[in-house]
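In: need coordinates for the below:
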Amino acid sequence: MKLIDDKQFLSAIHSYERQLAKLLAGLLAVVVGIAALELLMESGLTVVQRQTNWFDGGLIKLLDRLLLIFIGLEVLQNVTAYLRDQVVQIELVLITALTAVARKVIVLPPGTENKPALMAGFDVIVVGLATAYWLVRRARYEERPSQAS
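Out: Residues are numbered from 1 along each chain as shown. Have a look, this model is predicted:
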């Protein structure tokens with residue numbers, strides 16, 4: 001005896017998944033918006049009050065926060081693309097990962113360059129992500145039908 005039809009079950013799961021994605025996208029949009037406003041207000045006050053020496057770590061802190069907001073926006077794009085197309089767009093995921101790694105490299109504390117294993121790890125990650133992105137883009141362009149001239 002079947003408790004629920006497979007088609008109904010899959011439809012219910014799909015509906016639940018979409019509603020949860022919408023909820024999470026809304027939450028992420030609010031958080032990213034608030035973070036952007038905070039960054040603008042803090043940076044504006046810092047500039048007006050001349051409280052920071054941008055070359056004494058202030059610029060790195062600003063870039064860290066800015067890139068974190070961009071990562072949040074890219075994740076939001078991933079979720080909305082999923083809701084729109086019902087597929088995970090691997091290019092967006094790879095770009096988000098590259099941005100996250102770039103952020104991490106940019107904000108590395110002084111002295112990190114003396115840790116060759118860590119630097120080699122970042123090298124491998126960046127090359128791997130960049131290669132994956134290049135392969136995905138290449139495959140996408142090869143799928144396009146050639147246009148007659």
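
In: now the closest residue to residue 89 other than its chain neighbours, what are its backbone angles?
Out: Nearest residue to residue 89, sequence neighbours excluded (Cβ to Cβ, 6 or more residues apart in numbering): residue 81, at 4.8 Å. C-beta coordinates here come from the backbone N, C-alpha and C atoms, glycine included. Note on residue 81: backbone dihedrals following degrees, to the nearest 10 are phi -70, psi -40.

In: give me the three-state assignment for residue 109.
Out: Secondary structure for residue 109, judged by DSSP: H, G, I helix; E, B strand; the rest coil, is coil.

In: number of residues surrounding it?
Out: By the criterion of other Cβ atoms under 10 Å, residue 109 has 7 neighbours.

In: helices along this structure, start to end?
Out: Assigned helices in the chain, in chain order: 6-49, 59-85, 90-106, 116-143 (criterion: DSSP state H).

In: correct me, but residue 75 touches residue 97?
Out: No. Using Cβ atoms under 8 Å, residue 75 and residue 97 do not qualify as a contacting pair, with a distance of 10.6 Å.

In: residue 129: neighbour count?
Out: A count of neighbours around residue 129, defined by other Cβ under 10 Å, yields 20.

In: which non-adjacent residue is nearest residue 118?
Out: residue 112 (6.4 Å).

In: the residue nearest to residue 89 and residue 122, how far apart?
Out: 27 Å (Cβ to Cβ, to the nearest Å).

In: re the thing from before, quick check: the residue nearest to residue 89 touching residue 92?
Out: Yes. The pair residue 81 and residue 92 qualifies as a contact (Cβ under 8 Å) at a distance of 6.1 Å.
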